[in-house]
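[1] Provided below for reference: sequence and predicted model.
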Amino acid sequence: MTTETGNVDGMVALLRANTETLIERWVSLISVPLRGRLSEAELARECRELFAALVAAVETGSRNTQESAFTDVRALLEDLSRSRARLGFTPSETAVGVFALRQALFELASGDDDASRLREVMGFSLLLDSLGLWTFESYAKAREEVISEQAEQLLELTTPVVRLWDGVLAVPLVGTLDSERTQVVMEKLLEALVETGAEQAIVDITGVLAVDTQVAQHLLKTVMAARLMGAECTISGIRPQIAQTIVQLGIEFGDITTKATLADALLHAMRRSGVDVVRKRVTRTN
Amino acid sequence: MDRVPILKIGDVLLVSIQLDLQDQTVLALQEDLAEQITRTGAHGVIIDISAVEIVDSFIGRMFATIASMSRLFDADTVVVGMRPAVAITLVELGLTLGNVRTALDLEKGLSILRRSAADRLLSEEIEDSDDGTVRTES
């Protein structure tokens, strides 16, 4: 990654002398695989910025991209790959932003017979390689961030705490329950109990496809924690298959109230909080 | 050493824990409380832990100890205002406090004690009446 510092001036001079040609060729090379998803003017602005930072870094004589001289370049590339990753560009479409400059440079140097010039260009292309790798890394990092953000949002989305009645809260669980999700459910439910002052809570697992011992353990913990806080918790909507699994696994629900349907659980909760439901007798007068 | 204040409201003793509990404080509280119950003849104890953010197994056991102790003096214990994080911690520690009553806030705790006081009155009336029927005034 490091070459003799004697090359520096020649390289900088070459870059400076051909700034416009290089940038023009660079932009046209990048814009081909992007197929018009970014305007040329925008690409040119990015390239110009990057080129200026790169020349400034090379001018210091440093050839190691990890050194402080390249901080600006690295930051620019990081921003670039981040925005590309968020816009849904592929890794190669992102990395071409760096590698296209090398091609532009090679094309420029190919007409030149000077051997030392060629060596300088080679050294510089090594530098571009490592910058390209940096782009890849930032791109992957940005994508990972997107994924973890989405996973978090999904977790939030799928665990709503709803108010069914005055003092009755319910958490309808849908999908697969894992330890992490049940943990989130537990925390959200308990916080909602504090916020609303509700004394009855219903955990409805109609939409849950499978329950294993660990999940059951978490459900029990939720009920216990709610009880510790002074609220009563009912579990409703246990599917027939799940009921069988629970029995086969030997999970004891103890004195925890379980109801077949959410409606039963709601009625139970309402009765416990002193509300009774009476069907109105309809009298027809003809 | 800090001592937790014990306040008397009617025939209810209110223990509001506003500081970080040390083991010594807990032991002193248990002693003070036992003495106060016998002195005042209170029928209910409310432990307000809405300001408590950190608990360990020792403090968790304190609730159970206080509850069993006050039962000996014929007083009900209600733990009120437990925070979600505290509840989760206690469950993780395996302390479910089966024989301790809990309520979301002080108001609900007081109404639980009032109700159990009414029940107590009712059961005493049943014991008093010879034929076992309850006299109700309506």
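    Ah, there it is.

[2] Three-state assignment for A:Ile147, please.
    For A:Ile147, the reduced secondary structure class is helix; criterion used: DSSP: H, G, I helix; E, B strand; the rest coil.

[3] Tell me the residues of the stretch 151-286 of chain A that contact chain B?
    Within reach of chain B by CB under 8 Å from any CB of the partner chain, the stretch 151-286 of chain A has these residues: A:186-187, A:190-191, A:193-194, A:197-199, A:221, A:224-231. All C-beta atoms are positioned from the backbone trio N, CA, C, and that covers glycine.

[4] One more pass at 10 Å, please.
    Residues of the stretch 151-286 of chain A found near chain B (CB under 10 Å from any CB of the partner chain) are A:167, A:183, A:186-194, A:196-199, A:218, A:220-231, A:254-255.

[5] Just want the residue of chain B that's nearest chain A.
    For chain B and chain A, the shortest gap (CB to the nearest CB) falls at B:Pro84, measuring 3.4 Å.

[6] Was I right to think A:Leu190 contacts B:Ala87?
    Yes. Contact criterion CB atoms under 10 Å: A:Leu190 and B:Ala87 qualify, at 6.0 Å.

[7] any residues in contact with both of these two?
    For the pair A:Leu190 and B:Ala87, residues contacting each of them under the criterion CB atoms under 10 Å, 6 or more residues apart in numbering or on different chains are A:Thr222, A:Ala225, A:Ala226, A:Leu228, A:Met229, A:Ala231.

[8] So which of these belong to helices?
    Taking DSSP state H, the ones among those that sit in helices are A:Thr222, A:Ala225, A:Ala226, A:Leu228.

[9] can you give me the strands in chain B?
    B:6-9, B:12-16, B:44-48, B:76-80, B:101-103 (DSSP state E).

[10] possible to save those strands as CSV with mean pLDDT and distance to A:Phe51?
    Supplementary listing: the strands of chain B in CSV, determined by pLDDT from 0 to 100; distance: least, CB to CB, whole Å:
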stretch, mean pLDDT, distance to A:Phe51
strand B:6-9, 90, 75
strand B:12-16, 93, 68
strand B:44-48, 93, 67
strand B:76-80, 92, 67
strand B:101-103, 91, 67
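
[11] Mind putting the ones you listed into JSON lines with mean neighbour count and distance to A:Met270?
    Rendered in JSON lines, the data for the strands of chain B read as follows (neighbours: other CB atoms under 10 Å in any protein chain shown; distance: least, CB to CB, whole Å):
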{"stretch": "strand B:6-9", "mean neighbour count": "13", "distance to A:Met270": "31"}
{"stretch": "strand B:12-16", "mean neighbour count": "20", "distance to A:Met270": "29"}
{"stretch": "strand B:44-48", "mean neighbour count": "24", "distance to A:Met270": "27"}
{"stretch": "strand B:76-80", "mean neighbour count": "24", "distance to A:Met270": "23"}
{"stretch": "strand B:101-103", "mean neighbour count": "22", "distance to A:Met270": "19"}
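
[12] can I get those in JSON lines with distance to A:Trp134?
    Below are the strands of chain B laid out as JSON lines (distance: least, CB to CB, whole Å):
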{"stretch": "strand B:6-9", "distance to A:Trp134": "65"}
{"stretch": "strand B:12-16", "distance to A:Trp134": "58"}
{"stretch": "strand B:44-48", "distance to A:Trp134": "57"}
{"stretch": "strand B:76-80", "distance to A:Trp134": "57"}
{"stretch": "strand B:101-103", "distance to A:Trp134": "56"}
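
[13] out of those, which comes closest to A:Val211?
    Of all those, strand B:101-103 sits nearest to A:Val211, with 26.7 Å by CB to CB.

[14] could the shared contacts of A:Leu190 and B:Ala87 be laid out in TSV, adding distance to A:Ser116 and pLDDT?
    Output for those, formatted as TSV (distance: CB to CB, whole Å; pLDDT from 0 to 100):
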residue	distance to A:Ser116	pLDDT
A:Thr222	73	89
A:Ala225	74	91
A:Ala226	78	92
A:Leu228	79	90
A:Met229	78	90
A:Ala231	81	92
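
[15] Between the two ends of stretch A:249-262, what distance do you get?
    Distance across stretch A:249-262, first residue to last, is 24 Å (CA to CA, to the nearest Å).

[16] What residues of that stretch count as buried?
    Within stretch A:249-262, the residues scored as buried using 16 or more other CB atoms under 10 Å in any protein chain shown are A:Ile251, A:Ile256, A:Thr257, A:Thr258, A:Lys259, A:Leu262.

[17] How much space separates the residue lying closest to the residue of chain B closest to chain A once chain neighbours are set aside from B:Ile88?
    In this structure, B:Pro84 finds its nearest non-sequential neighbour in A:Leu190, 3.4 Å apart by CB to CB, 6 or more residues apart in numbering or on different chains. According to CB to CB, to the nearest Å, A:Leu190 stands 7 Å off from B:Ile88.

[18] Tell me which other helices or strands the helix or strand hosting A:Phe106 touches.
    Element membership of A:Phe106 [criterion: DSSP states H and E] is helix A:91-110. Other helices and strands packing on helix A:91-110, by 3 or more CB pairs under 10 Å, 6 or more residues apart in numbering or on different chains; DSSP states H and E, are helix A:8-17, helix A:19-34, helix A:40-59, helix A:71-87, helix A:115-157.

[19] again, only using 6 Å
    helix A:19-34, helix A:115-157 (3 or more CB pairs under 6 Å, 6 or more residues apart in numbering or on different chains; DSSP states H and E).

[20] would you list those in a markdown table and tack on mean pLDDT?
    Below are those laid out as a markdown table (pLDDT from 0 to 100):
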| stretch | mean pLDDT |
| --- | --- |
| helix A:19-34 | 83 |
| helix A:115-157 | 84 |
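
[21] need those helices in TSV with mean neighbour count, can you?
    Shown next, in TSV, are those (neighbours: other CB atoms under 10 Å in any protein chain shown):
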stretch	mean neighbour count
helix A:19-34	17
helix A:115-157	15
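
[22] can you redo those as TSV with distance to A:Thr90?
    What follows is the helices and strands packed on helix A:91-110, written out as TSV (distance: least, CB to CB, whole Å):
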stretch	distance to A:Thr90
helix A:19-34	9
helix A:115-157	9
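
[23] list the residues that contact both of A:Leu190 and B:Ile88?
    Taking CB atoms under 6 Å, 6 or more residues apart in numbering or on different chains as the contact rule, A:Leu190 and B:Ile88 both touch A:Ala225.

[24] Name the residue in the two with the higher neighbour count.
    A:Leu190 (25 against 20; other CB atoms under 10 Å in any protein chain shown).

[25] Ignoring the adjacent residues along the chain, who's closest to A:Thr213?
    Using CB to CB, 6+ apart and skipping residues adjacent in sequence, the residue nearest A:Thr213 is A:Leu249, 5.5 Å away.
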